[in-house]
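Asker: Have a look; sequence and predicted model below, questions after that.
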Amino acid sequence: MLTLTYVNICFNCFVSRSAWLDLASICISFPSIHSTVETLLSSLTSSYMYHLFLAHVFLEQQQNDSALQVIDKVAVLFPDSNYLKAQTALAFYNRRDFDKAQTHFLDLCSRDPYRVEQMDVFSNILYVKESKAELSSLAHAASKVDKYRPEVCCIIGNYYSLKGVHGKAVQVRGGGEEEERGGRAEREREEEEEALCFRRSPLFLLLLLVLLLLI
């Protein structure tokens, strides 16, 4: 029932990213429904939102080669998309192809020097490769954006750890985890409010009525 609801939302609110992400979460949690969802979305298989949905699911399930194939298709439409560049970097990182991942992360940094999202993953690569100078530059740049962001705390923690200052690294990472817990709670509260508003909307009631008539 819930799956059908989100599928119908994806049809009627084609660019509703939150609906696609919620549907992706259901697919990731319950792999047995993949074929059903694929059948229900068969008329959308040529759309870019469907491809973004697939790429997200593939990445979460560590199907990185499949994710890269889908991302390449969407990148033809959005060649300058930082989101797709980040997804590509993550796919190569998951494959442990750190050189290619680093190339994409460096390109991402040049496009968006104030970006924080996924930069903690980039710092993991620099840590593994023992690139002290590059990791120092990344930590310095990220701390100027927002030194209390969990991603930035991870970057700085990796920097201190690579320098051998492990006590400081643990302290910084601990602060990032606390900030992340607070941020997660705030995001969950906002998501609950958004979901409640949507459930009260005429569109949601209409979709439920259509589903009830189809049953």
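Answerer: Done, it's in. These numbers come from a predicted model, not from an experiment. Numbering: from 1, shown residues only.
Asker: Tell me who's in contact with the closest residue to residue 149 other than its chain neighbours.
Answerer: Once flanking residues are discounted, residue 149 sits nearest to residue 116: 5.4 Å by CB to CB, 6 or more residues apart in numbering. In this view, the C-beta of every residue, glycine as well, is placed from N, C-alpha and C. Residue 116 makes contact with 142, 145-146, 149, 151-152 under the criterion CB atoms under 8 Å, 6 or more residues apart in numbering.
Asker: so where does residue 116 fall, helix or strand?
Answerer: Here residue 116 is covered by no helix or strand, with elements defined by DSSP states H and E.
Asker: hey, where'd the helices end up in this protein?
Answerer: Secondary structure of the chain (DSSP state H): helices at 2-12, 17-29, 34-40, 48-60, 64-77, 82-94, 98-111, 119-128, 132-146, 150-163, 166-199, 202-214.
Asker: how does this structure divide into domains?
Answerer: Domains of the chain are assigned by automatic domain parsing as 1-95, 113-201.
Asker: With distance to residue 106 and mean pLDDT added, can I get the ones you listed in TSV?
Answerer: As requested, the domains of the chain are exported to TSV (distance: least, CB to CB, whole Å; pLDDT from 0 to 100):
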stretch	distance to residue 106	mean pLDDT
domain 1-95	9	82
domain 113-201	8	76
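Asker: Report the separation between the spatially closest residue to residue 163 that is not a sequence neighbour and residue 158.
Answerer: Closest residue to residue 163 apart from its sequence neighbours, by CB to CB, 6+ apart: residue 132 at 7.3 Å. Separation of residue 132 from residue 158 (CB to CB, to the nearest Å): 11 Å.
Asker: out of the two, which sits in the busier spot?
Answerer: Ranked by neighbour count (other CB atoms under 10 Å), residue 132 and residue 158 place residue 158 first, with 24 against 13.
Asker: pretty sure that one contacts residue 127?
Answerer: Yes: assessed by CB atoms under 8 Å, residue 158 is found in contact with residue 127 at 4.3 Å.
Asker: Overlap in contacts, those two.
Answerer: Common contacts of residue 158 and residue 127 (CB under 8 Å, 6+ apart): residue 135.
Asker: show me the contacts for residue 89.
Answerer: Residue 89 neighbours (CB under 8 Å, 6+ apart): 101, 104-105, 108, 118, 121-122.
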